[in-house]
Each structure stands twice: as structure tokens, then as C-alpha cells.
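>>> Next come a sequence and a model predicted from it.
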Amino acid sequence: MKYLQRYWLAVLALLSIVSCTSDQDTNGDLLHNIWYDFNTKQLQKIEAHLKDDTSGVIETESYSYNYDGFKLVSYTDQDGNLTVFEYNTDNKIAKMTGDGEVSVWEYSGGNVSKITTTLQDMGTISSTYTYTGGKLSKIEFVHDYTLSFPVKSYIATVYDYAGANVSKSIISSGIYNASGTLVMSPEVQTISYTYDNKKSPYLLLPKEYILLLSGLGPQGGAYLSGNNFVKVSISDGTSTEDMEFSHDYDKDGYPLKSTAGDQYIKYTY
């Protein structure tokens with residue numbers, strides 16, 4: 001479990017924490033751009049105590065974000081590894097370089113259209129983004145791993161919204177066979193989200209970076225929501241599992257700690 005972001009999306013997809021403000025209408029829709037605090041408040045550090053999905057042991061990871069003014073330029077993990085961001089002429093993230101990992105952004109019409117992440121000695125993750133009405137509506141992921149036994153997989157996630165929040169993620173997947181043909185699984189997973197009405201720590205980070213996190217795992221699009229999870233329901237069509245979350249907030253309405261059972265994430269501003 002080296003990179004917390006990928007671990008969140010694979011195991012903690014349900015602890016992705018995203019939020020909103022009191023300036024909303026009766027349906028919870030924001031009355032202004034949800035990135036309103038981007039230049040007035042900074043997310044300085046995230047510390048997570050999460051359970052490894054194979055060993056069952058609680059592990060601790062942290063990320064400290066480094067800024068030039070209000071521009072995110074890098075982050076440092078608990079082992080001192082530095083990840084650096086490069087920006088294009090439109091002042092949007094163009095490249096991210098870290099410990100054994102490089103991500104490159106592509107844009108179309110001002111929107112992120114594709115992000116390709118290369119993992120040293122492991123392979124690549126290519127994420128392609130589709131938008132409807134200015135909102136992210138679909139991400140398609142191709143994971144092409146070049147390990148001792150090469151595997152190429154496909155995941156498509158379609159997003160439904162309720163106001164400023166992702167209300168539902170519908171996930172389908174498949175595997176490329178030896179001839180390169182994509183064979184889809186008949187199983188479709190649906191994740192439904194219930195939210196609070198507070199502010200998100202993740203919306204303080206560049207949107208392009210949040211889209212990267214969204215593209216590393218099928219549930220990650222909910223990072224773009226306007227509010228924090230309080231309940232997540234996961235269904236495979238035959239059974240449903242519910243998970244509940246609680247949050248402690250600062251005076252500005254941002255989470256200081258988000259908890260699910262014996263796992264939690266702390267935020268410093």
C-alpha cells in the first residue's frame with residue numbers, strides 16, 4: 001500500500017470525502033461555483049489510518065501539500081517522497097512526477113480529456129473522460145499491467161447526479177483476452193451515496209488533480225461531489241451492503257476527521 005490515493009479508490013472508495021456550503025437552495029444545489037474557497041483556504045495535510053484489504057492491518061499514511069502562494073506545486077508523503085506538479089500555459093496541471101510514477105494530462109475544450117499514468121515496472125493506467133452539461137458523466141479506464149503475468153483490464157463508470165453531488169456510480173468491467181478482444185463481465189456494480197451539507201477538503205485541490213484520483217479507480221468520481229458521504233450503499237444486483245460515516249468539522253464547515261468504524265482520515269488546513 002504505497003500510494004494512499006490509489007488505496008482510497010480501491011478499498012476506501014467509500015471514504016472519499018467531499019462537501020458543500022450553507023449557500024445552497026432547498027435541493028442542496030450550490031448557488032455559486034463549488035470551488036469558491038480555492039483561493040482563501042488551503043488543505044495542508046491528509047493523514048489516514050486505513051485497513052489493508054489483504055492483511056487486515058491498520059496502516060498509517062500521510063500527504064503534506066506544498067504551495068507557491070495558492071498554487072499546488074508538490075506533495076510529500078510519510079516516507080519523505082516528493083511528487084511534483086508541472087503546469088501548462090493555461091495554468092492547468094500538465095504533468096505529475098513522483099516516486100516511480102508519472103502522470104500526463106491531455107485537454108479538449110478546456111476539459112481534461114485523458115490522463116495517462118505510468119507506474120515503474122508495473123505498466124500504465126489510461127483514463128478517458130466524458131462530460132455532459134459540464135459535469136463528468138463517464139470515465140473509461142484501461143489498466144495495462146506488465147507484471148510477470150501481463151493483464152489488461154477495462155472499467156467504465158457512469159455517474160448520475162443530484163444537484164452538486166454524484167448520487168450514483170454504475171460500474172461495468174472486462175478483460176482483454178490473448179487476441180486483444182475486450183470481454184465484458186455480466187456483473188454490474190452500483191454505488192449510491194448519501195451526503196451531509198458541509199464543505200469538502202478535496203475541492204480545495206486543483207480540479208485536474210481530483211480528476212486524476214477519479215481516474216485511478218471506478219468509484220473516484222464522487223471526489224467531485226459537493227458534500228461529504230454519510231452513507232454509501234453498494235449493490236451487485238443481488239445483494240446490497242451499506243456503510244455509514246461520521247465527520248467532525250472546523251468552524252468553516254470543513255471536515256477535521258472522517259470516520260468509518262476503526263478507520264479514519266484527518267485533515268489539516
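Nice, I can see it. Numbers count the residues shown, from 1 in each chain.
>>> Please, where are all the helices along the stretch 101-250 of the chain?
207-214 (DSSP state H, counting those that start in this stretch).
>>> Tell me, how many residues neighbour Glu208?
Neighbour count of Glu208, defined by other C-beta atoms under 10 Å: 21. C-beta here means a position set from N, CA and C on the backbone, and glycine is covered the same way.
>>> ugh, typo on my part, it should be Glu106
Glu106 has 12 nearby residues by other C-beta under 10 Å.
>>> now it, nearest residue through space, not along the chain?
Excluding the flanking residues, the one nearest Glu106 by C-beta to C-beta, 6 or more residues apart in numbering is Lys114, at 4.3 Å.
>>> what pairs with that neighbour across the strands?
Beta-bridge partners of Lys114, counted by DSSP bridges, are Glu106, Thr128.
>>> State the pLDDT value of it.
Note for Lys114: predicted pLDDT of 97.
>>> didn't it look like it was pressed against Ser103?
No: at 10.7 Å, Lys114 does not count as touching Ser103 under the criterion of C-beta atoms under 8 Å.
>>> How much space separates Asp144 from Lys251?
46 Å (C-beta to C-beta, to the nearest Å).
>>> What count of nearby residues applies to Thr190?
So Thr190, with other C-beta under 10 Å, has 16 neighbours.
>>> contacting residues around it?
Neighbouring residues of Thr190 by C-beta atoms under 8 Å, 6 or more residues apart in numbering: 168-171, 234-235, 237.
>>> let's see 7 Å
Thr190 makes contact with 168, 170, 235, according to C-beta atoms under 7 Å, 6 or more residues apart in numbering.
>>> so what's it bridging to?
Ile170, Ser235.
>>> swap in Lys71?
Asp68.
>>> just the contacts of Thr190 now: which is nearest Met122?
Distances from Met122 to the contacts of Thr190, taken as C-beta to C-beta, are shortest for Ile170 (27.7 Å).
>>> The closest one and Ile191, how far apart?
Taking C-beta to C-beta, one finds Ile170 at 8 Å from Ile191.
>>> Of the two, give the one with the bigger neighbour count.
Taking other C-beta under 10 Å, Ile170 and Ile191 do not tie; Ile191 has more neighbours (22 against 16).
>>> so the more buried one makes contact with Lys231?
No: if you go by C-beta atoms under 7 Å, Ile191 and Lys231 don't touch, sitting 11.1 Å apart.
>>> residues contacting the residue sitting furthest away from the middle of the chain?
Distance from the C-alpha centroid of the chain, by C-alpha atoms, centre = their mean, peaks at Ser179 (32.1 Å). With contact set as C-beta under 7 Å, 6+ apart, Ser179 has no partners.
>>> Lys152 versus that one, what's the distance?
On the measure of C-beta to C-beta, Ser179 and Lys152 end up 12 Å apart.
>>> Need the contact partners of stretch 125-142.
111-117, 143, 152, 154-159, 161, 211, 214-216, 221, 224.
>>> what about stretch 48-56, how long is it end to end?
Start to finish, the residues bounding stretch 48-56 are 15 Å apart (C-alpha to C-alpha, to the nearest Å).
>>> Endpoints of stretch 200-208, how far apart?
Start-to-end span of stretch 200-208 (C-alpha to C-alpha) is 16 Å.
>>> burial measure for Tyr267, as a count.
23.
>>> Just the element for it, please.
Using DSSP states H and E, Tyr267 sits in strand 263-268.
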